[in-house]
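Chemist: Predicted structure and sequence below. I'll ask about it afterward.
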Amino acid sequence: MTLYDFDSKGQLSKEAYIKFHTKIAKILRPDLKEKALAKLVEQDWEHDSKGKDYITRDELFDALFELGDIWTPNIDKYEYGAFYDHLTKLLKNSKNRNGKTNLINIYSLEGENPYDIM
């Protein structure tokens with residue numbers, strides 16, 4: 001969660017959430033256009049924030065756990081860990097030739113098969 005910009009009260013604003021989760025959505029759903037991505041991220045915010053104008057670290061943890069649960073094939077701590085590790089690497093480092101980040105890109109950089117954990 002160190003990639004998130006929490007305020008001094010330990011709260012994550014809607015603006016910070018939307019900005020960061022849009023990056024995640026672009027990685028996980030490169031097939032979607034900007035408008036569809038924005039709608040998806042907004043729906044996630046409404047679910048995760050439970051109507052508030054911020055979320056706490058605990059609420060973000062729950063949201064990220066749900067994300068890993070959706071994007072990994074099994075309930076396995078190693079698959080979850082691998083998913084988050086690769087997603088974090090993508091968010092920090094990886095760009096493809098078009099300047100866009102995608103989930104498959106990190107595996108090709110590391111010489112791994114993307115379908116081993118997905």
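Modeler: It's in.
Chemist: Where does Lys19 fall, secondary structure wise?
Modeler: Applying DSSP states H and E as the criterion places Lys19 in helix 14-28.
Chemist: following that helix, which helix or strand comes up?
Modeler: Using DSSP H and E, the next helix or strand after helix 14-28 towards the C-terminus is helix 34-49.
Chemist: and stretch 43-50, which residues are buried?
Modeler: For stretch 43-50, a neighbour-count test (16 or more other Cβ atoms under 10 Å) marks Asp44, Trp45, Asp48, Ser49 as buried. All C-beta atoms are positioned from the backbone trio N, CA, C, and that covers glycine.
Chemist: Could you measure from Pro73 over to Phe83?
Modeler: 10 Å (Cβ to Cβ, to the nearest Å).
Chemist: and the two? which has more neighbours close in?
Modeler: The residue with more neighbours, out of Pro73 and Phe83, is Phe83; 20 against 10, by other Cβ atoms under 10 Å.
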